[in-house]
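1. Mind folding the following:
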Amino acid sequence: MQLFESKTIVRRGDNLEESFFGISEKDSAHILNILRSKLYTNKPLAVIREISCNALDAHVEAGIPDRPIEIYVPFAMDPTLKIRDFGKGLSTDEIINVFTRYGASTKRDTNDAIGCLGLGCKSPFSYGDQFTITSIYEGNEGRKKEVWTAFIDETKLGKVALLFSSYTDEETGIEIQIPIQTSDITNFIETIKSFFVYWKTKPKFTNARITIPEPECIMDGKGWKLFKNWFDTLIIMGNIPYKVRFENLKDGSTNPLFGSNGLVIEVPIGTMNITANREELEYD
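-> The predicted structure is shown next:
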């Protein structure tokens with residue numbers, strides 16, 4: 001997603017002594033911990049939202065936007081959340097550059113992609129200290145499969161390590177596997193059910209029957225729908241719902257809807273700025 005960036009022009013006096021802002025090496029672990037663990041208010045939702053949206057972006061890039069991503073739902077005998085796409089996958093260098101660099105993103109020049117902040121692929125660290133990345137991609141000598149572990153090490157900076165590499169005839173793409181605590185399984189399942197309500201192409205759930213709620217539409221028009229018993233006014237951008245905070249609008253607008261009907265407006269990706277955790281719109 002392309003971000004709005006205003007052009008800055010600075011008028012300087014003569015002979016100013018200037019220094020750039022930055023992050024000291026000794027504080028890097030502290031800052032990275034904020035970015036991966038303190039950024040999100042709802043960590044299960046953050047994991048599901050960020051990894052699923054990355055998977056959808058991979059399908060768009062590969063020219064298969066209508067193909068469902070696949071989700072393996074955690075359960076008691078195998079408490080692992082797995083999210084799989086069938087995009088082009090990532091090479092060895094791309095895995096290292098994307099997963100170990102906060103802020104690194106290849107999606108800021110297009111509004112075809114949901115991502116842009118360079119933070120979402122690290123979101124599993126907001127929930128736990130380890131997750132697994134499986135990448136299948138076309139290499140120079142054939143289709144290659146690599147399995148990586150991403151983990152928080154003794155330095156608290158975090159690392160990725162290659163566990164396995166071979167040639168394969170499996171479809172290309174990325175699968176992220178996140179260990180889930182047994183006590184959190186129900187929360188993850190309920191979060192999955194609510195998050196994918198507004199996705200045009202619902203995921204394929206490979207090991208469980210998951211029913212995504214279908215709200216009752218009582219009126220609609222170009223780019224908007226009015227739902228019965230839906231209490232919030234929402235903006236949908238890139239399949240993600242953002243609650244409209246009327247109290248934050250500059251003109252002091254109030255919610256024009258009353259009773260139990262909710263207005264849902266869909267806008268193109270890049271129409272509005274979002275906060276760094278992708279949980280809210282920016283009211284700028």
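2. Quick one: classify Ala58 as helix, strand or coil.
-> Here Ala58 is recorded as helix under DSSP: H, G, I helix; E, B strand; the rest coil.
3. I figured it was touching Ile174, is that so?
-> Yes. Contact status for Ala58 versus Ile174: in contact at 6.4 Å, counting by Cβ atoms under 8 Å. Quick note: C-beta positions are derived from backbone N, CA and C, even for glycine.
4. Please enumerate the shared neighbours of those two.
-> Common neighbours of Ala58 and Ile174, counting by Cβ atoms under 8 Å, 6 or more residues apart in numbering, are Asp85, Gly87.
5. show me where pLDDT drops low in the stretch 51-200 of the chain?
-> Along the stretch 51-200 of the chain, the parts satisfying pLDDT under 70 run over 103-118.
6. As a check, name the ranges of all helices in it.
-> For the stretch 51-200 of the chain, helices defined by DSSP state H, counting those that start in this stretch occupy the ranges 92-99, 185-195.
7. which one of those lies closest to Met77?
-> For the helices of the stretch 51-200 of the chain, the distance to Met77 is smallest for helix 185-195, at 10.6 Å, taking Cβ to Cβ.
8. C-terminal to that closest one, which secondary structure element comes first?
-> Beyond helix 185-195 in the direction of the C-terminus, DSSP states H and E gives the next helix or strand as strand 204-205.
9. Which secondary structure elements does the next helix or strand after that next one sit against?
-> Where DSSP H and E defines the elements, the next helix or strand beyond strand 204-205 is strand 217-221. Applying 3 or more Cβ pairs under 8 Å, 6 or more residues apart in numbering; DSSP states H and E, one finds that strand 217-221 contacts strand 224-228.
10. Contacts for the strand it packs on, please.
-> By Cβ under 8 Å, 6+ apart, strand 224-228 touches 215-220, 260-266.
11. Name the nearest residue to the residue minimising distance to the centre of the chain, sequence neighbours excluded.
-> In the chain, the residue lying closest to the centroid (Cα atoms, centre = their mean) is Glu50, at 1.7 Å. Leaving aside its sequence neighbours, Glu50 sits nearest to Gly120 (Cβ to Cβ, 6 or more residues apart in numbering; 3.4 Å).
12. in terms of contact, does that neighbour touch Cys53 like I think?
-> Yes. Using Cβ under 8 Å, Gly120 is in contact with Cys53, at 6.7 Å.
13. circling back to that earlier point, make CSV out of the helices of the stretch 51-200 of the chain and add mean neighbour count.
-> Below are the helices of the stretch 51-200 of the chain laid out as CSV (neighbours: other Cβ atoms under 10 Å):
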stretch, mean neighbour count
helix 92-99, 15
helix 185-195, 16
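14. SS state for the residue nearest to the centre of the chain?
-> Secondary structure, three-state DSSP: Glu50 is helix.
15. And the pLDDT at it?
-> Here, the pLDDT recorded for Glu50 equals 93.
16. Ser253 too?
-> 60.
17. Would you confirm that Tyr40 contacts Ala46?
-> Yes. Contact criterion Cβ under 8 Å: Tyr40 and Ala46 qualify, at 3.7 Å.
18. Burial check on Gln177, number of neighbours?
-> Neighbours of Gln177 under the rule other Cβ atoms under 10 Å: 19.
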